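J.: sequence-free structure coming up:
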Ligand SMILES: [Mg+2]
């Protein structure tokens, strides 16, 4: 298919069959190319910093979430009390929550059983299929969905391909699957580049919260939800 020059120049043309955000630009006229599908709408220290009220007001109804290093450390079977409370708060607000993980079934199922959350395991993110299956399961549109995760190449890229609002969180712990460690090297370069170009604001460093380890520190996260950065707004500012 030939591309009309005006469309290509305006950044409004999409190659058939490929989903790409349009016209992503770093504010100095430079196209962000391979980076444009990796920019989350928000970048937060952890799930406790998510402003659930704002999401609800914006019409979001379904929270899709990664598991390892987003909700708990990689392959950690424990469900901390602060996480149970966060799940309770989100459900009380009216949200449905569904785990969408690339990890294998038994690991995800064991965690899901403890929390009572539905799940999709072996999702093969960044493929959008797992996200789309979850949307169908809850009879939601992409506009009503949010994807929360700690990896830009799987969680954010995949969520954006499915048309979801995306929230990147800082990984909970450096211990990870060896393949993830390799991807993290490239991810660090991408995150640094996005930050340098003003397209991503790193969240404040997470400070150790003793209250959290006692299980009673729901509101003791490093960054209050009210201070959440909207990456989308920021990227349009520059
Ligand atoms: Mg993860």
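T.: Good, I have the coordinates. On a predicted model such as this, the values are computed, not experimentally measured, just so you know.

J.: can we go C-alpha only for contacts and neighbour counts from here?
T.: Fine.

J.: point out where the protein drops to low pLDDT.
T.: The model of the chain has pLDDT under 70 over residues 1-33, 206-238.

J.: with adjacent residues omitted, what lies nearest to the closest residue to the ion within it?
T.: Relative to the ion, the nearest point of the chain is residue 68 (4.2 Å; C-alpha to the ion). For residue 68, ignoring the flanking residues on the chain, the nearest one in space by C-alpha to C-alpha, 6 or more residues apart in numbering is residue 74 at 4.4 Å.

J.: so that neighbour sits against residue 176, correct?
T.: Yes. If you go by C-alpha atoms under 8 Å, residue 74 and residue 176 touch, sitting 5.8 Å apart.

J.: got the buried residues for the longest helix along the chain?
T.: Longest helix of the chain, by residue count under DSSP state H: helix 178-196. Neighbour counts over helix 178-196 (16 or more other C-alpha atoms under 10 Å) mark 184, 187, 190-192, 194 as buried.

J.: now swap in stretch 89-105 and tell me
T.: Buried residues in stretch 89-105 (16+ other C-alpha under 10 Å): 90, 95-103.

J.: ditto for stretch 101-121
T.: For stretch 101-121, the buried set under the neighbour-count rule, 16+ other C-alpha under 10 Å, comprises 101-103, 108-109, 111-112, 118-121.

J.: for residue 77, which non-adjacent residue is spatially closest?
T.: residue 111 (6.3 Å).

J.: so the one you found versus residue 47, what's the distance?
T.: Using C-alpha to C-alpha, to the nearest Å, residue 111 is found at 17 Å from residue 47.

J.: with residue 71 instead?
T.: Where residue 47 is concerned, residue 71 sits at a distance of 7 Å (C-alpha to C-alpha).

J.: and if you look at residue 54?
T.: Between residue 54 and residue 47 the computed distance is 14 Å (C-alpha to C-alpha).

J.: strands along this protein, start to end?
T.: For the chain, applying DSSP state E gives strands covering 42-44, 62-65, 96-100, 119-120, 145-149, 165-169.
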